[in-house]
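Trainee: Next come a sequence and a model predicted from it.
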Amino acid sequence: MRFSIIIPVYNRPAEVQLLLESLCRQTFNDFEVVLVEDGSDHTAEEVAAAFSEKLQLQYHYQSNQGQGFARNKGMELAKGQYFVFFDSDCLIPPRYLEVLEQAIQSRQLQAHGGPDDADATFSDWQQAMNFSMTSLLTTGGIRGKMKDPAKYQARGYNMGFSREVYEKLGGFAHPNMAEDIEISLRIKKAGFRLELVSEAFVYHHRKNDLASFLRQSYQFGRNRVFIRRFHPDALKPVHLLPALFLLGILALPVLAWLWPTGALLIGAGYVLWTMALFVTALGSPKVAFLSLLTSYGQLLAYGLGVIMECIFPTPWKSSPQIPAD
């Protein structure tokens with residue numbers, strides 16, 4: 001078995017249906033699917049059973065432990081030489097595994113990460129959220145638009161590594177906080193070759209509403225600070241920019257009173273950034289307008305998450321699957 005596709009799922013049977021349908025269309029067929037149901041009330045067991053004759057599929061139910069540890073269980077069950085991880089809200093293009101296999105062989109990769117995109121059928125909100133997550137003006141291209149593929153930190157919605165990596169390093173270190181970035185850093189520090197494979201992209205359904213998206217962005221901010229527990233060097237000055245973005249907006253009324261010229265200059269910077277966002281997002285006027293809301297919301301929520309994690313650190317317990325030094 002070449003690939004084991006490992007999917008953690010929690011109360012998402014409809015999403016799993018679409019994901020498995022997309023996997024049935026793969027042009028590279030030497031793979032299995034390991035679906036780990038992580039304590040769901042609304043399970044995907046019936047959905048999985050319906051695909052038993054179309055895919056080589058294992059279904060496993062466990063008590064709720066978090067997506068990182070659900071992936072660990074998937075690796076315990078997997079038979080493949082190389083593990084590929086998708087989130088349940090992804091759709092996989094037909095040539096994904098074919099493209100990935102070519103990249104692994106030609107570039108001698110032991111691990112990879114891939115970007116995400118919005119399908120044309122996605123809602124206006126989902127396309128706006130996708131723009132906010134992938135634009136150079138918001139995330140700086142860290143989700144698949146960087147020039148040096150070796151600098152990429154893989155994300156759990158679209159990543160993978162070889163069985164050799166797993167046997168040496170163990171699984172994900174935390175159930176649900178920056179576990180994907182942590183293992184990406186651990187893989188690189190161990191000397192394995194992890195790179196972005198830009199052609200191995202997935203279509204990623206975003207949150208269904210702005211409130212959910214803001215909660216997710218807030219958690220991402222907390223995650224970035226949290227990861228210092230495992231890798232003190234993982235927090236870079238660039239990761240603090242959303243916090244400065246938030247503090248800058250909050251400081252504008254005070255600056256307008258104490259230093260009007262400075263407030264005018266800073267305000268002009270926000271205006272220019274907003275105009276650049278609108279122009280680069282302009283596919284349809286509605287999506288461009290919604291992209292302003294999602295981009296501002298994302299940065300403000302992320303920045304708040306960074307600040308809150310610095311002030312009120314989250315307790316953590318690492319996975320017993322991580323080998324001792």
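Mentor: Looks like it arrived, so ask away.
Trainee: show me the contacts for the residue lying closest to H204 once chain neighbours are set aside.
Mentor: Nearest residue to H204 in three dimensions, chain neighbours excluded: D116, at 3.6 Å (CB to CB, 6 or more residues apart in numbering). Just so you know, the C-beta spots here come from the backbone N, C-alpha and C atoms, and that holds for glycine as well. D116 sits next to 90, 130, 133-134, 143-144, 155, 157-158, 201-204 when contact means CB atoms under 8 Å, 6 or more residues apart in numbering.
Trainee: how much space between D116 and F131?
Mentor: If you measure D116 against F131 using CB to CB, to the nearest Å, the figure is 12 Å.
Trainee: is it true that D89 touches H205?
Mentor: Yes. The criterion here is CB atoms under 8 Å, and D89 meets it with H205 at 4.1 Å.
Trainee: Between the two, which contacts overlap?
Mentor: Residues within reach of D89 and of H205 at once, by CB under 8 Å, 6+ apart, are E15.
Trainee: can you count the residues close to R228?
Mentor: Residues contacting R228 under the criterion other CB atoms under 10 Å number 15.
Trainee: thought Q65 was touching E37?
Mentor: No. Between Q65 and E37 no contact is recorded; they are 11.1 Å apart, counting by CB under 8 Å.
Trainee: Which one of these two is surrounded by more residues?
Mentor: Shown here are Q65 and E37; by other CB under 10 Å, E37 has more neighbours (25 against 17).
Trainee: With adjacent residues omitted, what lies nearest to the more buried one?
Mentor: Ranked by CB to CB, 6+ apart and with sequence neighbours excluded, the top spatial neighbour of E37 is Y61, at 4.4 Å.
Trainee: secondary structure element for the one you found?
Mentor: When secondary structure is defined using DSSP states H and E, the element that contains Y61 is strand 57-62.
Trainee: Count the residues that sit near I266.
Mentor: By other CB under 10 Å, the burial measure for I266, its neighbour count, is 17.
Trainee: Phi first, then psi, for it.
Mentor: Dihedral angles phi and psi of I266 (degrees, to the nearest 10) take the values phi -70, psi -40.
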